[in-house]
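*Asks:* only geometry, no sequence info:
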Ligand SMILES: Nc1ncnc2c1ncn2[C@@H]1O[C@H](COP(=O)(O)OP(=O)(O)OP(=O)(O)O)[C@@H](O)[C@H]1O
Ligand SMILES: O=P(O)(O)OC[C@H]1O[C@H](OP(=O)(O)OP(=O)(O)O)[C@H](O)[C@@H]1O
């Protein structure tokens with residue numbers, strides 16, 4: 001049975017290319033061509049195939065054992081918190097943070113200790129809820145898949161929880177970062193059962209990535 005490595009479309013796919021090469025993995029040429037409709041690609045290793053899926057879905061494919069290995073943002077891992085997923089390596093790519101932001105003009109004006117309920121737009125409902133619950137605030141999450149930065153200006157929510165790297169998206173939309181929830185980077189992930197049942201093969205791939213990181 002072949003081993004399936006799940007890769008996320010988008011920015012991580014680009015950053016992962018050199019790392020794959022250092023790990024000796026060369027998928028068929030069009031794997032990085034996002035205009036291609038193919039989703040599964042053979043590699044130079046006959047027993048290893050690569051699949052290209054949405055970044056949130058990498059964790060799901062690996063958690064259910066449909067893929068044995070994957071590359072995935074720690075934001076996605078924190079949001080799902082799948083017990084079946086083991087993340088042995090920080091790959092140092094896709095570095096950003098997950099933060100709370102609010103309109104520049106309101107910054108620091110809300111007394112959170114007095115706000116019993118607050119509306120927050122986010123692609124990370126679990127993490128956002130947990131973050132506010134830890135402060136004793138009940139957050140009502142408005143689930144969005146993108147363009148969270150528009151929500152406060154249009155009255156959809158008071159706050160947002162989203163990824164921030166340079167801060168330019170927040171700035172361009174009149175928002176400021178008020179709290180950092182967690183630092184984010186991409187991780188190598190493996191299915192725990194696959195690691196138990198195929199320790200030599202999966203272990204060798206973990207080792208290949210470990211070496212690639214120190215190369
Ligand atoms: N600005 C950023 N800087 C660094 N890493 C980022 C940044 N934005 C996202 N990431 C990382 O890349 C991952 C994928 O983000 P990306 O924006 O490519 O996907 P997306 O557009 O949200 O996905 P989809 O198209 O599936 O909705 C995130 O889960 C995160 O780990
Ligand atoms: O702080 P910055 O450097 O501006 O980066 C932050 C932005 O990057 C991500 O979006 P992305 O560019 O991936 O767009 P998308 O979520 O709409 O796909 C994230 O959702 C923010 O909007």
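*Replies:* Cool, the structure landed. All of these numbers come straight from a predicted model, not from anything done at the bench. Ligands and ions are numbered 1, 2, ... in the order given.

*Asks:* same for the helix or strand residue 207 falls within, what does it pack against?
*Replies:* Here residue 207 sits within helix 199-214, counting by DSSP states H and E. Judged by 3 or more Cβ pairs under 8 Å, 6 or more residues apart in numbering; DSSP states H and E, the packing partners of helix 199-214 are strand 3-8, helix 11-22, strand 85-90, strand 186-191, helix 192-197. (Glycine included, C-beta is placed from N, CA and C.)

*Asks:* Just give the number of residues close to the residue of the chain found nearest ligand 1.
*Replies:* In the chain, the residue that lies nearest ligand 1 is residue 73 (2.1 Å; Cβ to the nearest ligand atom). Counted with other Cβ atoms under 10 Å, residues neighbouring residue 73 total 26.

*Asks:* so it touches residue 13, yeah?
*Replies:* No - contact status for residue 73 versus residue 13: not in contact, 11.8 Å apart, counting by Cβ atoms under 8 Å.

*Asks:* Find the residues that touch each one of the two.
*Replies:* Here residue 73 and residue 13 have no joint contacts, going by Cβ atoms under 8 Å, 6 or more residues apart in numbering.

*Asks:* Quick check: pLDDT value at the residue sitting nearest the centre point of the chain.
*Replies:* The centre of the chain sits closest to residue 73, judged by Cα atoms, centre = their mean, with a distance of 2.8 Å. As predicted, residue 73 sits at a pLDDT of 98.

*Asks:* repeat for the one 5 residues further on
*Replies:* Per-residue confidence for residue 78 comes out at a pLDDT of 98.
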